[in-house]
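Peer 1: the following comprises the amino acid sequence and a computationally predicted model.
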Amino acid sequence: MEPLHIDTALGPIMDTPSGVQRYFGGTDYLGLSRNKRFRSLMLQGIQRFGVHMGSSRQSNVRLSIYQKAEKILADLAGSQAASLTSSGMLAGQWVSQYFNTEQYIHFYAPYVHSALITRANQSRYPDWTSLIKDLNHAISQNPQQTPVLFLDTIDFHGLGYPHYALLQGLPLSQIILVADDAHGIGITGQQGGGSYAALAALNPKELIVTASLGKSLGLGAGAVWTSQAQMDALRQHPLWGGASPCSPGYAYVLVKAKRIYRAQLKKLVRHVAWMEKHWPAGCPKRQHPGHPAFECDTPGVGAHLRTHRIIPTEFPYPTPQSPLLTRMVVTAAHSKKDLKALRKALILWVKKQD
């Protein structure tokens, strides 16, 4: 399937080469890409602080807006400390590289994002049963190495958020947890705080949460949350001082956009609740409760939606050799009319299967 090339911002209604279509894809969960108030804040930040900061965060001259934004992020998630990075990928690699020493042994959960995988020859476990078995064996037989468990909070297979039942059976007091919360921060947890508080309540040996802010929070940046002591240690790693930070304009938005984030989250919660309540009977889906992404892997559903001028997310993921991913994403920018159009198209697809 050839990709669709467009020349406008992604949004619920898009002009495409084949006409106007509804878009239920991507990761702009809070619908900020076209939000006028959000765009205005972005422009204000760039006008005040410039397009980028051409210096290291370790430099003798520093912008205080980063510290202010990191305080906002820490308060949002409920952590002692937070750090901004230029991307979620860098945030994950910074943390995974920090633990890439003989002192630690890595365990990669099924479906964990590649941002947290240190080396190309390391692989995810195919299932949690074998991971838990090997993890417990390592703790009992190899006490000189501390296990580090890397996982996604939202894995789109229902194995983590919101209860993390699989983690509750582990000796977490002996395990460092590193969790990618890119699909959770901003839209899950208390007031959009993501999964940091829920994971911290499980009392792991140490907790580090990473995320891209380019999804719910609408910014080309990444972040890391952890304890103050762990953050101080992480900031000794060369990737912290050697990498350029995200745009200071993005940090400005984080400081100023609290009301916008809250208003958009309220809209999103209503839309997801409506879609969950009115999801057509007989139409298979895989979804974390309350999350705006609805997956349907049954062949043909994507092609059917396109005939009704609805574009879902549909491509092989995470590599070109992977199975086809078909995902319908509800955002705060959608209207009730959009949701009804998606439901109607899915009802027609169910009928075609009978």
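Peer 2: Looks like it came in fine.
Peer 1: which helix of the chain spans the most residues?
Peer 2: Assignment by DSSP state H gives helix 258-277 as the longest helix of the chain.
Peer 1: that one: which residues count as buried?
Peer 2: Ile260, Tyr261, Gln264, Leu265, Leu268, His271, Val272, Trp274, Met275, Glu276 (16 or more other C-beta atoms under 10 Å). (Each C-beta comes from the backbone N, C-alpha and C, glycine too.)
Peer 1: where do the strands sit along the stretch 201-350 of the chain?
Peer 2: 206-212, 222-226, 293-295, 310-316, 324-329 (DSSP state E, counting those that start in this stretch).
Peer 1: need those strands in a markdown table (columns: mean neighbour count).
Peer 2: Output for these, formatted as a markdown table (neighbours: other C-beta atoms under 10 Å):
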| stretch | mean neighbour count |
| --- | --- |
| strand 206-212 | 27 |
| strand 222-226 | 28 |
| strand 293-295 | 22 |
| strand 310-316 | 18 |
| strand 324-329 | 19 |
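Peer 1: just put those strands in JSON lines and tack on distance to His237 and mean pLDDT.
Peer 2: Output for those, formatted as JSON lines (distance: least, C-beta to C-beta, whole Å; pLDDT from 0 to 100):
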{"stretch": "strand 206-212", "distance to His237": "12", "mean pLDDT": "98"}
{"stretch": "strand 222-226", "distance to His237": "11", "mean pLDDT": "98"}
{"stretch": "strand 293-295", "distance to His237": "32", "mean pLDDT": "94"}
{"stretch": "strand 310-316", "distance to His237": "34", "mean pLDDT": "89"}
{"stretch": "strand 324-329", "distance to His237": "33", "mean pLDDT": "89"}
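Peer 1: so who does the residue nearest in space to the middle of the chain touch?
Peer 2: Nearest residue to the geometric centre of the chain (C-alpha atoms, centre = their mean): Ala182, 1.7 Å. If you count contacts by C-beta atoms under 8 Å, 6 or more residues apart in numbering, Ala182 has them with Gly88, His113, Asp152, Ile154, Thr210, Ala211, Ser212, Lys215.
Peer 1: pick the one among the residues you listed closest to Ser55.
Peer 2: Gly88 (21.7 Å; C-beta to C-beta).
Peer 1: buried set for stretch 244-258?
Peer 2: For stretch 244-258, using 16+ other C-beta under 10 Å, the buried residues are 245-257.
Peer 1: re the thing from before, surely the residue nearest to the centre of the chain is within a strand?
Peer 2: No. Counting by DSSP: H, G, I helix; E, B strand; the rest coil, Ala182 is located in no strand; its state is coil.
Peer 1: quick check on it: phi, psi?
Peer 2: phi -60, psi -40 (degrees, to the nearest 10).
Peer 1: do you know which of the strands of the stretch 201-350 of the chain lies nearest Ala303?
Peer 2: Of those, the one closest to Ala303 (C-beta to C-beta) turns out to be strand 310-316, at 8.7 Å.
Peer 1: list the contacts of the nearest residue to Tyr252 once chain neighbours are set aside.
Peer 2: Spatially, and ignoring its direct neighbours in sequence, Tyr252 is nearest to Gly45 (3.2 Å; C-beta to C-beta, 6 or more residues apart in numbering). By C-beta under 8 Å, 6+ apart, the residues touching Gly45 are Ser247, Pro248, Gly249, Tyr250, Ala251, Tyr252, Val253, Lys256.
Peer 1: sorry, back to before: need the buried residues of helix 258-277 in CSV (columns: pLDDT and distance to Leu199).
Peer 2: Output for those, formatted as CSV (pLDDT from 0 to 100; distance: C-beta to C-beta, whole Å):
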residue, pLDDT, distance to Leu199
Ile260, 98, 27
Tyr261, 98, 21
Gln264, 98, 24
Leu265, 98, 20
Leu268, 98, 22
His271, 98, 27
Val272, 98, 22
Trp274, 98, 29
Met275, 97, 27
Glu276, 97, 24
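Peer 1: which one of the strands of the stretch 201-350 of the chain lies closest to Gly31?
Peer 2: Across the strands of the stretch 201-350 of the chain, closest to Gly31 is strand 324-329 (C-beta to C-beta), at 10.4 Å.
Peer 1: report the inter-axis angle for that closest one versus helix 258-277.
Peer 2: Put simply, strand 324-329 runs at 110 degrees to helix 258-277, going by axes from the mean of the first three to the mean of the last three C-alpha atoms, to 10 degrees.
Peer 1: alpha carbons only: can I get strand 324-329 in CSV?
Peer 2: Extracted C-alpha coordinates of strand 324-329, given in CSV (Å, rounded to 0.1, in the frame of the first residue of the first chain):
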residue,chain,number,x,y,z
LEU,A,324,0.2,-4.9,9.2
LEU,A,325,-1.0,-2.6,12.0
THR,A,326,-4.5,-1.2,11.7
ARG,A,327,-5.4,1.3,14.5
MET,A,328,-8.2,3.8,14.8
VAL,A,329,-7.3,6.7,17.0
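Peer 1: out of the contacts of Gly45, which are inside helices?
Peer 2: Those of these lying in helices (DSSP H): Pro248, Gly249, Tyr250, Ala251, Tyr252, Val253, Lys256.
Peer 1: from those, which is closest to Arg235?
Peer 2: The closest of the ones in helices among the contacts of Gly45, once distances to Arg235 are taken by C-beta to C-beta, is Ala251, at 16.7 Å.
Peer 1: look up how far Tyr104 lies from the closest one.
Peer 2: 31 Å (C-beta to C-beta, to the nearest Å).
Peer 1: and what of Leu239?
Peer 2: Distance of Leu239 to Tyr104, given as C-beta to C-beta: 16 Å.
Peer 1: and Leu32, by the same measure?
Peer 2: 37 Å.
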